[in-house]
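In: 3D, please:
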Amino acid sequence: MAKRKFRPIIYLNGYAGVGKRTIANELCQLLLNAKVISNHLLIDTAAVVFEKNTREHELLYTTWRGALWSRIASSTTHDTIWIFTDYQPLSGTSRGYLNIAASRRSPFISIILDCAINESLKRAASGDTDDYNTEPKDLKALGGLREEDIFRFGGELEMELDETDLSPTEAARRICDHVYRVVPNNLPEQGV
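Out: All right, here's what the predicted structure looks like:
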């Protein structure tokens, strides 16, 4: 009997305005049985109930995130490739994604997305970024976020991608190629 292959957890981490969700959605089209969970899915849903940056909002968001992570870590989701998007400068929350992968015995692939700050600011100003109600759109705030370093796990499964001059499709293709290169045995037989 063949040993079961657990599908990877792919974690796209990058500054606001780099196009994480757009690239994740493109990547989802390239990988069989993949699903995207954007950090703003929960942040924005909690913002419907409680004002963002309040204790109530944070509590609801972290409760929902914990419940979601628990279900994704369950054995019933092992055939799914999960693609998460987030912006995390610190290790605390980032390590939560790593813990999901560890509990599933899945490879954890960290992708650091970046683009030139002027391109990120241009995207935010033009409205080309994801259209979430809590996504930072203020150019000064976006510039301030860039002062914090993005958290890096390191290791051979991690990839850094400057997608300043790439379309979302091109960026997704490069990530997909990386995924197939580093964990070919943990992917469905059919591929890209």
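In: Surely Ser110 and Gly14 touch.
Out: No: counting by C-beta atoms under 8 Å, Ser110 does not reach Gly14; the two are 10.9 Å apart. C-beta here means a position set from N, CA and C on the backbone, and glycine is covered the same way.
In: Next, count neighbours for Asn39.
Out: Other residues near Asn39 come to 21 when the count uses other C-beta atoms under 10 Å.
In: hang on, isn't it packed against Ser94?
Out: No: using C-beta under 8 Å, Asn39 is not in contact with Ser94, being 11.2 Å away.
In: Residues in contact with both of those two, list them for me.
Out: Asp86 (C-beta atoms under 8 Å, 6 or more residues apart in numbering).
In: Can you give me the separation between Ile81 and Ala116?
Out: From Ile81 across to Ala116, the span is 29 Å (C-beta to C-beta, to the nearest Å).
In: typo on my end, it should be Asp44
Out: 27 Å.
In: if you count what's nearby, which of these two comes out ahead?
Out: Neighbour count, other C-beta under 10 Å: between Asp44 and Ala116, Asp44 has more, with 17 against 13.
In: What helix or strand is that one located in?
Out: Here Asp44, judged by DSSP states H and E, is contained in helix 39-49.
In: Could I get the CA-only coordinates of that helix as CSV?
Out: Taking C-alpha atoms only, helix 39-49 is exported to CSV below (Å, rounded to 0.1, in the frame of the first residue of the first chain):
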residue,chain,number,x,y,z
ASN,A,39,-6.3,36.8,6.1
HIS,A,40,-8.8,39.5,5.2
LEU,A,41,-11.6,36.9,4.9
LEU,A,42,-11.7,36.7,8.7
ILE,A,43,-10.5,40.3,9.4
ASP,A,44,-13.2,41.8,7.2
THR,A,45,-15.9,39.4,8.4
ALA,A,46,-15.1,40.3,12.0
ALA,A,47,-15.1,44.0,11.0
VAL,A,48,-18.8,43.6,10.0
VAL,A,49,-19.6,42.7,13.6
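In: OK, contacts around Asp79?
Out: Per C-beta under 8 Å, 6+ apart, neighbours of Asp79: 7, 33.
In: and it, which of the three is it?
Out: When classified by DSSP: H, G, I helix; E, B strand; the rest coil, Asp79 comes out as coil.
In: Could you tell me the phi and psi values at it?
Out: phi -90, psi 0 (degrees, to the nearest 10).
In: Now do it against Thr54, distance only.
Out: Where Thr54 is concerned, Asp79 sits at a distance of 38 Å (C-beta to C-beta).
In: next one: phi and psi at Asp114?
Out: According to degrees, to the nearest 10, Asp114 has phi -150, psi 160.
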